[in-house]
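In: how does the following fold in three dimensions:
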Amino acid sequence: NTATGKTRTTLKGHGDEVNAVAFSPDGRTLATASDDSTTRLWETATGRPLMTLAGHNAAVWAVAFSPDGRTLATGSGDGTALLLDATTGGTRTTLTEHAASVNGVAFSPDGHTLVTIGDDGAVRLWDTVSGEARTTLTDDVSIVSLAFNPNGRTIVTTSNDGIVRLRDVAVSSEPARAIKHICRVFGRDLTPEERAAYLPDESEASVCPVS
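Out: This next block holds a predicted model:
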């Protein structure tokens, strides 16, 4: 409880160290990643276990929800990242280009791109629909954490050489194309972050056609 500092719920179920946690966008679900090679989903309000997600062969170091809450990304010591269906737990895509442990995962604000980082010094950008690699940036260091700027145009990474790096990345399609994709595939209007990225000078009116 952030007001009192008291523990509300203790979540028990993992068989080893818990390495990462992430809330779903609506705050109702918590994802936890562990050395036991699994990711678990919990109901935030009650602490009730919802699902155990498998698919990795080593410790899971990183976990993140997509902006719409429908997809979960995980990164593991087995050198892979997974895109998982947050409702069914099924694996949608396995990303296999890293040569060492995947230490961090993050979705772009529009959900179209996933960035993964690892001990191999690579920062990789992936298309979340096709699973295809878009861009790879490399450093001769182990990269341990990352975050997206809310505008979707910059990522920041930290590494074991003590340096924090800000990188400009082209992660989205031409605005009109990206907006059309969001309306058609996700069936919703733009989030505030997407509106700031694609339509910074426009009104708050809906951009998706009424069906």
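In: so residue 53 touches residue 39, yeah?
Out: Yes: using CB atoms under 8 Å, residue 53 makes contact with residue 39 at a distance of 4.3 Å. Quick note: C-beta positions are derived from backbone N, CA and C, even for glycine.
In: what is in contact with these two at once?
Out: 72, 74, 84 (CB atoms under 8 Å, 6 or more residues apart in numbering).
In: residue 62 belongs to a strand?
Out: Yes: counting by DSSP: H, G, I helix; E, B strand; the rest coil, residue 62 is part of a strand.
In: residue 53 and residue 39: who's more crowded?
Out: residue 39 (28 against 23; other CB atoms under 10 Å).
In: what sits against that one?
Out: 31, 32, 33, 52, 53, 60, 63, 72, 74, 84.
In: so how far is residue 33 from residue 157?
Out: Using CB to CB, to the nearest Å, we find residue 157 at a distance of 19 Å from residue 33.
In: what does residue 119 give?
Out: Per CB to CB, residue 119 is found 16 Å from residue 33.
In: neighbour-wise, which of the two wins?
Out: residue 33 (29 against 19).
In: backbone torsions only: list them for that one.
Out: Dihedral pair for residue 33: phi -120, psi 140, per degrees, to the nearest 10.
In: from residue 105, how far out is it?
Out: Counting by CB to CB, the gap from residue 33 to residue 105 is 10 Å.
In: where do the contact lists of those two overlap?
Out: Joint contacts of residue 33 and residue 105 (CB under 8 Å, 6+ apart) are 62, 63, 74.
In: want to throw those into CSV with distance to residue 96?
Out: Formatted as CSV, the shared contacts of residue 33 and residue 105 follow (distance: CB to CB, whole Å):
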residue, distance to residue 96
62, 16
63, 18
74, 13
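In: rebuild these as CSV, extending it with distance to residue 6, neighbour count and pLDDT.
Out: Below are the shared contacts of residue 33 and residue 105 laid out as CSV (distance: CB to CB, whole Å; neighbours: other CB atoms under 10 Å; pLDDT from 0 to 100):
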residue, distance to residue 6, neighbour count, pLDDT
62, 28, 26, 97
63, 25, 26, 98
74, 30, 27, 98
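In: would you mind confirming that residue 129 makes contact with residue 114?
Out: No: using CB under 8 Å, residue 129 is not in contact with residue 114, being 10.4 Å away.
In: neighbour count winner among those two?
Out: Comparing residue 129 with residue 114 by other CB under 10 Å, the one with more neighbours is residue 114, at 26 against 14.
In: the more buried one: what's it in contact with?
Out: Shown in contact with residue 114 (CB under 8 Å, 6+ apart): 73, 81, 83, 95, 105, 106, 107, 108, 125, 126, 128.
In: if you set the cut-off to 7 Å instead, what comes out?
Out: 73, 105, 107, 126, 128 (CB atoms under 7 Å, 6 or more residues apart in numbering).
In: what is the lowest-pLDDT residue among these?
Out: Checking pLDDT across these, the minimum falls on residue 128 at 89.
In: next, count neighbours for that one.
Out: The burial count for residue 128: 20, using other CB under 10 Å.
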